[in-house]
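Colleague: Let me see the structure of the following:
(2 chains)
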Protein chains: 2
Amino acid sequence: MQYVVTFGILSDVDHQLLVARLQGNLGCRLDDEPRTARMTTEGTQTETLETARRLSEIASACAENAIQSASRLTEGGRLIDEHQVHAERIAQLATEARAAEQLVWYAETWAAAGKPDPLTEDQALAFSAEVVAKAWFAVDLHPDTFALDHSVLAQLHDAGTAAAVRAGLSDTRLRDVGARVIEARGAFKAALDDPAADLTRDTARSFARTEVAPIAQEMHRQDHLVPETLIQKMAGLGLFGCSVPESYGGTEMGLLTMVVLTEELSTASLVAGSLITRSEILTRALLQGGTEEQRQDWLPPIASGELLVGIAVTEPDVGSDVASVTCRATRGEHDGRKGWFIEGPKAWSTFAGRANILALLARTDPDISLGNRGLSLFIVPKEPYDGHHFVHTQPEGGSITATANPTPGYRGMHSFTLAIDRYFVPEENLVGGEAGIGKGFYLQMGGFEAGRLQSGGRATGVGQAALEKACSYALDRKQFGRPIADYQLTQHKIGRMSTHVAASRHLTYAAAQAMERDERAGQSAMKRGPATTQAAMCKLFASDTAVWVSQEAQLIHGGWGYSEEDPVARYVVDALVLPIFEGVKPILELKVIARQLLAS
Amino acid sequence: MQYVVTFGILSDVDHQLLVARLQGNLGCRLDDEPRTARMTTEGTQTETLETARRLSEIASACAENAIQSASRLTEGGRLIDEHQVHAERIAQLATEARAAEQLVWYAETWAAAGKPDPLTEDQALAFSAEVVAKAWFAVDLHPDTFALDHSVLAQLHDAGTAAAVRAGLSDTRLRDVGARVIEARGAFKAALDDPAADLTRDTARSFARTEVAPIAQEMHRQDHLVPETLIQKMAGLGLFGCSVPESYGGTEMGLLTMVVLTEELSTASLVAGSLITRSEILTRALLQGGTEEQRQDWLPPIASGELLVGIAVTEPDVGSDVASVTCRATRGEHDGRKGWFIEGPKAWSTFAGRANILALLARTDPDISLGNRGLSLFIVPKEPYDGHHFVHTQPEGGSITATANPTPGYRGMHSFTLAIDRYFVPEENLVGGEAGIGKGFYLQMGGFEAGRLQSGGRATGVGQAALEKACSYALDRKQFGRPIADYQLTQHKIGRMSTHVAASRHLTYAAAQAMERDERAGQSAMKRGPATTQAAMCKLFASDTAVWVSQEAQLIHGGWGYSEEDPVARYVVDALVLPIFEGVKPILELKVIARQLLAS
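Modeller: The predicted structure is shown next:
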């Protein structure tokens, strides 16, 4: 089973990275082979951590076994549509088990290094216990569908397991976690033990607080485009070139650092954390499938922020079913210059107004039966526009007419519906050249798969922001003569919120590390291997966490949480977009995560 | 135990109302004594319904037993703050058990009448199974705190119970429910078997669709005050006098009809469903504690809609802790006229701009140690204003300076922060006259308690609107060559959403009937008896349902659900206010529901 292998390999990879971290060389390449032996942590672990590890292993065993059964049931995923409800359960369970594993792993790392982090240990135990409890619940309700092996069931229902779950999820423990988180006003430690990575985080955090936070609320409330000054400052820091190799003018800071950076920016504003996403997606597509000339032409100005990118894939009638794209590109020429005429509709093209270039997916083969094999990816230059509406007419006579769809949150970039009319694109803008014909779908999907990593970071940032805001409010707001932070229910809720945010964070970091390793090993994301599954998992889990945590934070604020003047109201509406974009939740669960897990 | 008694009595009351319904006389008074024997439904019930009833009874038994234990643990609720987390669980379990009971009861009613409703029977089974499953889960995790009797535990963990729960929650059943709900585009039957009540519903539904729905989206998006034409049309239908006795110019249509009406208006717009709330609250306060002269003076113009009402209770620093109100009223006189000078802040005073009178809670006794016993209720006349800001200066020299707090939803009425400066109110505007001094808190709370019924209707309406929208979208939107309604996951999700909306509806109807009966029996809401508990329960459950269902509906819409042009995006932001206003969720759970349930 792929997933079993995944778990195995990743433990080793994680171990490698752990060693790398502890040696202070994160960010450097790890070219040595993964080791197979588990790190020995005996004698360095607390009982809490040991219990957390045991529960996390039970959750993982349960997930692995459930995947095996479901793989048989669905014939390796082929019949997934006949078992969608169960497939969703599998995706959820596997994702949560993986998150628990990562949270435990992080706590173990530091315990092993002699720098234990008691708060994270408690969070790891509480979260692992919650995942096992959910597995109980799901398996109890659908025993025949799960069809777990006797040994796994016995472990799940063992009296020792039950006692550990109850202890892990005890009201006292969660309240205690909450009280400590509140006292720190939500501030977290997720030490990277790497001066460079920590510095990046500190820089990003400081930038987010001084440059982004002061403008974030008004940008949201006025639905203004992100100010040019902020774009230029981010460009100056090299943020648009995170994934561009140094040889093409980028900083190539690595995926983990990129994710950490994204998270920090997103705590101040989801938009700030999202600005680089589109550049990242096109960069990845060019690195995977562009010609050398295209890389040299496009990557340097993308990295410098001179050219900002929009993505044009979705259409009004084509959402998740990307293979059905109708926008077409037809060969032609203008003034003796060979190229393509693009014609058709696009929707939800975020930042398409301000963008200088659009990465646009179009049908180059009119034979609709080819599905996604008839699609190619184009780089479409245009002028930047500021407002919610623009008509761009090119000298060649083509045009793009665009109107932004108003959205409750995720403002500051505007998401446009485009009508494209005989828009001329020179042949050198077909990504991959002639060899790129029919490969657009794969390039785009490869970009999205990496984009989901970033979304894990974005969602973790939004969840973190809501958590911090809730802690501060709870300390400052008095009711019935005491700060509401003193009440058990407040502490308990913040305790649970904090465990989920921590789990989101470490799941995301682990996914970034896994993808980084895959890339170094020369495996492309198009292979849809374990790392892309994990990227999808972190996007799924962190998004749901951000939605839930932001709404709990809003409730903690009472009426004031429903005032648009309070950032928590922004976090709530911003979070709601997270499970929708880049593969709406059920598609991510079924067509990405479950499909990949169940493939035999 | 109060709750046990409650269950017993209410079954009988429900039975009475059932008989009344079946005889077509709902709306008439039921003065006969409740019967004690359970209706015999043998031979008329399907197996589905029998299983649903069995599960619902297990859930209720579990809730009752858990309440008994928790009452001992908290010494009749006195120590509730030492056990807040568990108290919240008790409130949730008791509420869900009660909702299951009502949904089953409704299905039984119609089966017994020879008009079975197979869809509701399936929903009742699925929902009851879900409640029992949640009870399993909660009790398994916290067995010592729940401390259930052996007999109850045995019933909960009985193999037959487990089989029934699994069958009730089977993927097939929920998908089948969903498919049927989708086919009907979410339309529901909840026949009242009373020509007058049905007519009221039909009228309200038609009014909501023709008069409200066409303006609702723009009113929300532009954050405009509800148009005067709509207010006048509603006034013309007598809607502001729902609870005003006929002798004072009202329609006194009864609480069930009022709730049905509210639900129907809310499917088109939460604001339309909320317009009458404030008049209802003041009406109730006047009926409970006003002098006869005050009733004669104020009720007729309230009923006719000539005087619209705002409520001014909450303050910037005083939310749930109403007893800490700081706004004060000091005796004085102006031009020889005796009265009170009001001074202080108020917050979240919804509709305070357009309102002609404010029902304002102020401290009449400066001794702060008196707490809520130092508060009195005033009727404060003012001029109506349209915008988001006003300064009202009275000839006597006092003023009210007000600014609306911007909110993401629940727009159309504007919620103001008020600064009140030496505002003169004549002595006859003190509700209850001299006898009303110190009674303001109780009068206000009595009004809120009934207001929560209405909130149950409002939340049910918002949930229903989201459900209908999701069904229509699922039928109309094609992805991967099929309407998304054809996919199992869509059906399953809509199946579950529909069971929760149905449970909200019937819990709310039952609460209205219980309160109606209490009032007829001369029990005031101030007594805080079973009916007020149920009103709080329906507000709690229906609000959570609306939040969850609207967000599921948004996800079903994919990207388009995040466009502010789609009503589903409005349902989402509107729903978010429901767990916040009229007692924010944790307060409602702990200080109202749990406190009342645990009181010995």
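
Colleague: So residue A:174 is in contact with residue A:126, correct?
Modeller: Yes. Judged on Cβ atoms under 8 Å, residue A:174 makes contact with residue A:126 at a distance of 5.8 Å. C-betas here are computed from N, CA, C, even on glycine.

Colleague: what sits in contact with each of those two?
Modeller: Residues touching both residue A:174 and residue A:126 (Cβ atoms under 8 Å, 6 or more residues apart in numbering or on different chains): A:495-496, A:499.

Colleague: How far does stretch A:509-516 sit from its chain's centre?
Modeller: 11 Å (Cα atoms, centre = their mean, to the nearest Å).

Colleague: on that earlier part again, compare residue A:174 and residue A:126 and say which is more crowded by neighbours.
Modeller: residue A:126 (30 against 27; other Cβ atoms under 10 Å in any protein chain shown).

Colleague: which element is the more buried one on?
Modeller: helix A:118-141 (DSSP states H and E).

Colleague: could you check the angle helix B:118-141 makes with that helix?
Modeller: Angle between the axes of helix A:118-141 and helix B:118-141 is 140 degrees (criterion: axes from the mean of the first three to the mean of the last three Cα atoms, to 10 degrees).

Colleague: Identify the single longest helix in chain A, thanks.
Modeller: helix A:440-476 (DSSP state H).

Colleague: got a pLDDT number for the residue of the stretch 501-600 of chain A found nearest chain B?
Modeller: Nearest residue of the stretch 501-600 of chain A to chain B (Cβ to the nearest Cβ) works out as residue A:564 at 4.0 Å. For residue A:564, the model assigns a pLDDT of 96.

Colleague: same check, this time on residue A:113
Modeller: Looking at residue A:113, the pLDDT reads 89.

Colleague: How about residue A:321?
Modeller: Residue A:321 is assigned a pLDDT of 83 by the prediction.

Colleague: Doesn't residue A:342 lie inside a helix?
Modeller: No. Counting by DSSP: H, G, I helix; E, B strand; the rest coil, residue A:342 is not part of a helix but strand.

Colleague: Now that it has come up, it's in contact with residue A:358, right?
Modeller: No. The criterion here is Cβ under 8 Å, and residue A:342 misses it with residue A:358 at 9.7 Å.

Colleague: And the two? Which one has more around it.
Modeller: A count of neighbours by other Cβ under 10 Å puts residue A:358 above the other of residue A:342 and residue A:358, at 29 against 26.

Colleague: Quick check: which element contains that one?
Modeller: strand A:357-363.

Colleague: what does residue A:420 give?
Modeller: Using DSSP H and E, the element containing residue A:420 is strand A:415-426.

Colleague: Return the list of helices and strands in contact with that strand.
Modeller: Contact here means 3 or more Cβ pairs under 8 Å, 6 or more residues apart in numbering or on different chains; DSSP states H and E; on that basis strand A:415-426 packs against strand A:328-334, strand A:337-350, strand A:375-381, strand A:399-405.

Colleague: Name the strands paired with the second one and say parallel or antiparallel.
Modeller: Yep, that's strand A:337-350 we're talking about. Sheet pairing for strand A:337-350, assigned by DSSP bridges, gives strand A:328-334 (antiparallel), strand A:415-426 (antiparallel).

Colleague: I'd like these written out as a markdown table, with distance to residue B:436 and mean neighbour count added.
Modeller: Output for the strands paired with strand A:337-350, formatted as a markdown table (distance: least, Cβ to Cβ, whole Å; neighbours: other Cβ atoms under 10 Å in any protein chain shown):
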| stretch | distance to residue B:436 | mean neighbour count |
| --- | --- | --- |
| strand A:328-334 | 75 | 16 |
| strand A:415-426 | 55 | 21 |
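
Colleague: quick one on the thing from earlier: winner for burial among the helices and strands packed on strand A:415-426?
Modeller: Of all the helices and strands packed on strand A:415-426, strand A:375-381 has the most neighbours on average by mean count of other Cβ atoms under 10 Å in any protein chain shown, namely a mean of 25.

Colleague: Quick one: mean pLDDT for that one?
Modeller: Here the average pLDDT along strand A:375-381 is 98.

Colleague: Quick one: name the residues of the stretch 251-400 of chain A near chain B.
Modeller: Residues of the stretch 251-400 of chain A found near chain B (Cβ under 8 Å from any Cβ of the partner chain) are A:314, A:317-321, A:324, A:347-348.

Colleague: Just the buried residues of these.
Modeller: A:314, A:318-321, A:324, A:347-348 (16 or more other Cβ atoms under 10 Å in any protein chain shown).

Colleague: can you pull the alpha-carbon coordinates of stretch A:425-433 into CSV?
Modeller: Coordinates of the C-alpha atoms in stretch A:425-433 are reproduced here as CSV (Å, rounded to 0.1, in the frame of the first residue of the first chain):
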residue,chain,number,x,y,z
VAL,A,425,-0.4,35.2,-27.8
PRO,A,426,2.9,34.6,-29.6
GLU,A,427,4.0,31.0,-30.0
GLU,A,428,6.9,31.4,-27.6
ASN,A,429,4.4,31.9,-24.8
LEU,A,430,3.1,28.3,-25.0
VAL,A,431,4.7,26.8,-22.0
GLY,A,432,7.0,24.0,-23.1
GLY,A,433,6.8,25.1,-26.7
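
Colleague: pLDDT weak spots in the stretch 1-150 of chain A?
Modeller: For the stretch 1-150 of chain A, the stretches flagged by pLDDT under 70 are A:1-45.

Colleague: near chain B, which residues of it show up?
Modeller: By Cβ under 8 Å from any Cβ, the residues of the stretch 1-150 of chain A that approach chain B are A:81-86, A:88, A:133, A:136-137, A:140-143, A:145.

Colleague: Within the helices and strands, which one has residue A:543?
Modeller: helix A:530-556.

Colleague: and that helix, does that touch chain B?
Modeller: Yes. Legend: contact between helix A:530-556 and chain B by Cβ under 8 Å from any Cβ is shown at A:547, A:551, A:554-555.

Colleague: quick one: the strand holding residue A:358 to strand A:415-426, angle?
Modeller: Inter-element angle recorded for strand A:357-363 and strand A:415-426: 80 degrees (by the same axes, to 10 degrees).
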